[in-house]
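>>> quick one: sequence and predicted model below, then my questions.
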Amino acid sequence: MISNISYLLKCPVCGAAMQTDPDGRVCRCVGARVHCYDVSRSGYLNLTSPGDGAGDLKAAVKARTLFLSNGYYEPLSDEINGILKDLDAKTVLDAGCGEGYYTNRMGTERRVLGVDLSRAGIDAAAKSAKQSGSGAAFAVGSLFKLPVSDRTFDAITNLFAPCAEAEFLRVLKPTGKLLLVGAGERHLLGLKELIYDNPYLNPGRADLPTTMQLLEHRRLTYSINVKGREQIAALFSMTPYYWRTSNVDRHKLDAAETLETEVDFDIFLYGKGQSK
Ligand SMILES: [Zn+2]
């Protein structure tokens, strides 16, 4: 719920702190000009500023929701939650949370805010938070201009989303940690074998932090069995190769009723290091 975390937010226009009205419908800043933001019907705030751009569209959000709701990536979600528990993170920012699958599973014992540029994603995330009673709050906003105050979070999770290192450094507490996840080299190799004659290994994330301190790198690998064309198509549409694959190659997937593939996640944990 937004009212639980509004003290962590800052006004995207003037940078002042924010507070929610007692009825929970409006969030307003404490700056001289008092900027107001309506809480949407599904319960999120739109804290974008002009020029922030747009995020994933409805169709992409729908495909991801369909795929993730089957639990294929639940072990990754459990792994993330285990790390957050070990860190004793009381306040967590999920930067680039999409439709909020991981965010809404982060538990009710901590304050969790999911931020994403996709309005469709945040709307789906806020709705599912209401349904599940997850307690997580959501805001539409840019990762590169996060609508949150300095040094407020114990942990940031950055799962398959762009790494905005400078902003992450700004909003993490001095002892805060960044938990970053990307596709490992063998991620979805089985899917690529169906499409390409010579499937290549993934190169790994190119945008890892450069000034933060790497504390730990672990890998999580297991295999999944994706059932049905709709699920396989949804998984494919979530990948970066979706856009780079020719129509001829894409149609190779149409015949597949099931897909057995490895999943391979690179999990990195960073501290703030020298810079504070
Ligand atoms: Zn303001």
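In hand now; what should we look at?
>>> make it CA atoms for all contacts and neighbour counts henceforth
Will do.
>>> quick check, residue 173 in a strand?
Yes. Checked against DSSP: H, G, I helix; E, B strand; the rest coil, residue 173 lies within a strand.
>>> right, and it touches residue 151 too?
Yes. Assessed by Cα atoms under 8 Å, residue 173 is found in contact with residue 151 at 4.0 Å.
>>> contact residues of the chain facing the ion?
If contacts are counted using Cα under 5 Å from the ion, the residues of the chain sitting beside the ion are 11, 14, 29, 35.
>>> give the contact list for the residue in the stretch 51-200 of the chain that the ion sits nearest to.
In the stretch 51-200 of the chain, the residue that lies nearest the ion is residue 147 (10.9 Å; Cα to the ion). Contact partners of residue 147, counting by Cα atoms under 8 Å, 6 or more residues apart in numbering, are 9-12, 47-48, 141.
>>> for residue 136, same thing?
With contacts defined as Cα under 8 Å, 6+ apart, the neighbours of residue 136 are 1, 103-104, 108, 111-114, 126, 129.
>>> measure the residue of the stretch 51-200 of the chain closest to the ion to residue 170 for me?
Residue 147 sits at a distance of 11 Å from residue 170 (criterion: Cα to Cα, to the nearest Å).
>>> what does residue 37 give?
The value you get for residue 37 to residue 170, if Cα to Cα is used, is 23 Å.
>>> what of residue 139?
From residue 139 over to residue 170 the distance is 18 Å, taken as Cα to Cα.
>>> before we move on, the earlier item: inside strands: which ones of the contacts of residue 136?
Counting by DSSP state E, the members of these that fall within strands are 111-114.
>>> and the residues you listed, which is closest to residue 181?
The nearest member of the ones in strands among the contacts of residue 136 to residue 181, counting by Cα to Cα, is residue 114 at 15.6 Å.
>>> and the two most separated of the contacts of residue 147?
With distances taken as Cα to Cα, the most widely separated pair in the contacts of residue 147 is 9 and 48, at 12.5 Å.
>>> any idea which element the closest residue to residue 29 other than its chain neighbours lies in?
Ranked by Cα to Cα, 6 or more residues apart in numbering and with sequence neighbours excluded, the top spatial neighbour of residue 29 is residue 18, at 4.1 Å. Using DSSP states H and E, residue 18 falls within strand 18-20.
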